[in-house]
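Novice: Show me how the following folds:
(one chain, ligands or ions: 1)
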Amino acid sequence: MGNVTVIGGQWGDEGKGKVIDWLANRADVVVRFQGGNNAGHTIVVGDKTYKLSLLPSGVVQGKLSVIGNGVVVDPWSLMDEIDRARSQGLEVSPDILILADNATLILPLHRDLDQAREARAGAGKIGTTGRGIGPAYEDKVGRRAIRFADLADREALETKIERLLAHHGALRLGLGLPEVTPAMVMDQILEIAPRVSPYVKPAWRILGQAIRDGRRVLFEGAQATLLDVDHGTYPYVTSSNTVAGQAAAGAGVGPQAGGYVLGIVKAYTTRVGEGPFPTELHDEVGQRLGERGHEFGTVTGRPRRCGWFDAALVRQSIMVGGIQGVVLTKLDVLDGFKTLKICTGYTLRGEPVDYLPAGLRDQAGLEPVYEEIEGWSDTTAGARSWKDLPAAAVKYVRRIEELIGAPVVLLSTSPQRDDTIMMRDPFQD
Ligand code: IMP
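Specialist: Have a look, this model is predicted:
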């Protein structure tokens, strides 16, 4: 039995939460390796709905849950989430939750900067979640970030805060934000430090031991390949690498530890925030997809943009993301359409193109090429076996497999944990 890495194959919101919860049931350890509280994973178990943002989905099942070094962590948000999870009856203690000592903190000044820049950018905004994710990663790469290990060393913390504010002071002044003093930042950190410190540990060591002991690890990706800072629709992306290759660096394990790579892909396409979206629909079909699919952001509540399935994009995600098998979600949202469309490629200035070019102008100029496929009138919601599906739905799934160049190994047919059709056990691959 190997490990499994789960990543999003489109622009996020593919239904990763449910799949990860389903897989967490079969894993011993669940690890987050990038992103932060910009993620929103919804898990429905019976009549309970858990909305997780920073906590690895393993907490729902009481599995060892690790927030890896690649994650940027807002400690106030983390503590609120722990309180919320506890109020729903989950046991979240330092016995099961580990926070990497070399992970970066998101501070209130990062959130200020994220929001002020977006407000200032007007029409040129990225459409971020406003959680300070980008500015925190900038400080990490700029080697001036505060990390959780620093919380135990007051002297080092003072120097680090000075260094951080030398950078942020000038930015805040330029953006018209009120001044922040070293004492203010120190007070903020000292207030939260005692609450988070019990969770802070060398995560790489605990994980390395777990792997040596043959425990099964699930690496839980957030956001998705097309939001990857290198491979996505830059600059309309998040500030981390979201591809499977990041699982190793963001958790502190070797590249072979990630195991089988599972990509979560919605049966149509959605995106929140700004940026190119070749198959976006501005008509009643797009509206219908949004309504039937309840397409509102988990974190921000913003309506998601909706469009037909884009096989060219997913084909690209599969290659750069290292995806070996796909989980297709929300097929039931397509129930009742007379005909469906799948984008198989594009034309750019009249020439055929079968991938997403890196340039923003080229991305904006793509015209999708569609293939029409027959819809189905029966429902696929709640189907638990392949034979419960209408023949046209099976045909749709098979055509997607052909076009994207990867097998559909799981089909999720409702938000409920058990409404899942398994073609192949990812842990067995
Ligand atoms: P940031 O990650 O808050 O900087 O936002 C950058 C872009 O990524 C924006 O378009 C967000 O809408 C998008 N984004 C970030 N996290 C998620 C997510 O979990 N699901 C979908 N989109 C996301």
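Novice: contact partners of the least confident helix or strand in the chain by mean pLDDT?
Specialist: Sorted by mean pLDDT, DSSP states H and E, the helices and strands of the chain end with strand 41-45, the least confident at a mean of 84. With C-beta atoms under 8 Å, 6 or more residues apart in numbering as the test, strand 41-45 has contacts from 16-18, 20-21, 49-53, 57, 60, 222, 298, 415-417. For the C-beta atoms, the positions are set from N, CA and C on the backbone; glycine is no exception.
Novice: Please point out which parts of the helix or strand following that strand sit buried.
Specialist: Per DSSP states H and E, the first helix or strand lying C-terminal to strand 41-45 is strand 48-52. Using 16 or more other C-beta atoms under 10 Å as the test for burial, strand 48-52 gives 50-52.
Novice: Just name the closest of those to A383, please.
Specialist: Among the buried residues of strand 48-52, Y50 lies closest to A383 (C-beta to C-beta), at 23.8 Å.
Novice: wait, isn't that closest one in contact with A85?
Specialist: Yes: counting by C-beta atoms under 8 Å, Y50 does reach A85; the two are 7.1 Å apart.
Novice: May I have the secondary structure class of L173?
Specialist: Following DSSP: H, G, I helix; E, B strand; the rest coil, L173 is assigned to helix.
Novice: so what's it up against?
Specialist: Counted by C-beta under 8 Å, 6+ apart, L173 has contacts E179.
Novice: can you pull the contacts of the residue in the stretch 301-429 of the chain that the ligand sits nearest to?
Specialist: Closest to the ligand within the stretch 301-429 of the chain is R302: 7.6 Å, counting by C-beta to the nearest ligand atom. The contact partners of R302, by C-beta under 8 Å, 6+ apart, come to 272-273, 296.
Novice: Please list the outside residues in contact with the lengthiest strand in the chain.
Specialist: The residue-count maximum for a strand in the chain (DSSP state E) belongs to strand 339-348. For strand 339-348, the external contacting residues (C-beta under 8 Å, 6+ apart) are 278-279, 308-313, 334, 352-354, 357, 362, 365-375, 396, 399-400, 403.
Novice: Name the residues of it that are buried.
Specialist: By neighbour count with 16+ other C-beta under 10 Å, strand 339-348 contains the buried residues 340-346.
Novice: same question, stretch 308-320
Specialist: Residues of stretch 308-320 classed as buried: 308-318, 320 (neighbour count, 16+ other C-beta under 10 Å).
Novice: Report the entries of these that also contact the ligand.
Specialist: The subset of the buried residues of stretch 308-320 within reach of the ligand, counting by C-beta under 6 Å from any ligand atom, is empty.
Novice: Among those residues, which lie within strands?
Specialist: 309-310.
Novice: now the buried residues of stretch 308-320 in CSV, with distance to K140?
Specialist: Putting those into CSV (distance: C-beta to C-beta, whole Å) gives the following:
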residue, distance to K140
W308, 37
F309, 35
D310, 32
A311, 35
A312, 33
L313, 29
V314, 30
R315, 32
Q316, 27
S317, 25
I318, 29
V320, 23
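Novice: Can you show me the strands along the stretch 51-200 of the chain?
Specialist: All strands of the stretch 51-200 of the chain, identified by DSSP state E, counting those that start in this stretch, fall at 64-67, 72-73, 97-100, 104-105, 200-201.
Novice: Pairing partners for the first one, with directions?
Specialist: According to DSSP bridges, strand 64-67 forms sheet pairs with strand 29-32 (parallel), strand 97-100 (parallel).
Novice: and if you look at the last one?
Specialist: Strand 200-201 pairs in its sheet with strand 97-100 (parallel), by DSSP bridges.
Novice: ditto for the second one
Specialist: Its sheet considered, strand 72-73 pairs with strand 104-105 (parallel) by DSSP bridges.
Novice: How about residues contacting the strand it pairs with?
Specialist: 72-75, 136-137, 139-140, 145-148, 189.
Novice: Restricted to helices, list those residues.
Specialist: Using DSSP state H, the subset of the contacts of strand 104-105 located in helices is 75, 136-137, 139-140, 189.
Novice: Which one (most neighbours) among those residues?
Specialist: Neighbour tally across those (other C-beta atoms under 10 Å): the maximum, 27 neighbours, falls on A136.
Novice: Contact partners for that residue?
Specialist: Going by C-beta under 8 Å, 6+ apart, A136 touches 36, 72, 104-107, 110, 145.
Novice: Generate CSV for the residues you listed, with distance to R215 as supplementary columns.
Specialist: Formatted as CSV, these follow (distance: C-beta to C-beta, whole Å):
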residue, distance to R215
G36, 26
V72, 26
T104, 27
L105, 28
I106, 30
L107, 34
H110, 34
A145, 30
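Novice: From these, pick the one nearest G286.
Specialist: G36 (29.5 Å).
Novice: Run a quick neighbour tally on the closest one.
Specialist: Neighbours around G36, by other C-beta under 10 Å: 31.
Novice: Could you give the number of residues near the nearest residue to it once chain neighbours are set aside?
Specialist: Excluding the flanking residues, the one nearest G36 by C-beta to C-beta, 6 or more residues apart in numbering is V72, at 4.2 Å. Here the number of neighbours of V72 (other C-beta under 10 Å) works out to 27.
Novice: Which residue, neighbours along the chain excluded, lies closest to the closest residue to the ligand within the stretch 201-350 of the chain?
Specialist: Residue nearest to the ligand within the stretch 201-350 of the chain: G273 (2.3 Å; C-beta to the nearest ligand atom). Take G273 and drop its neighbours on the chain: the residue closest to it by C-beta to C-beta, 6+ apart is G127, 2.9 Å away.
Novice: Thanks again, I'm all set now.
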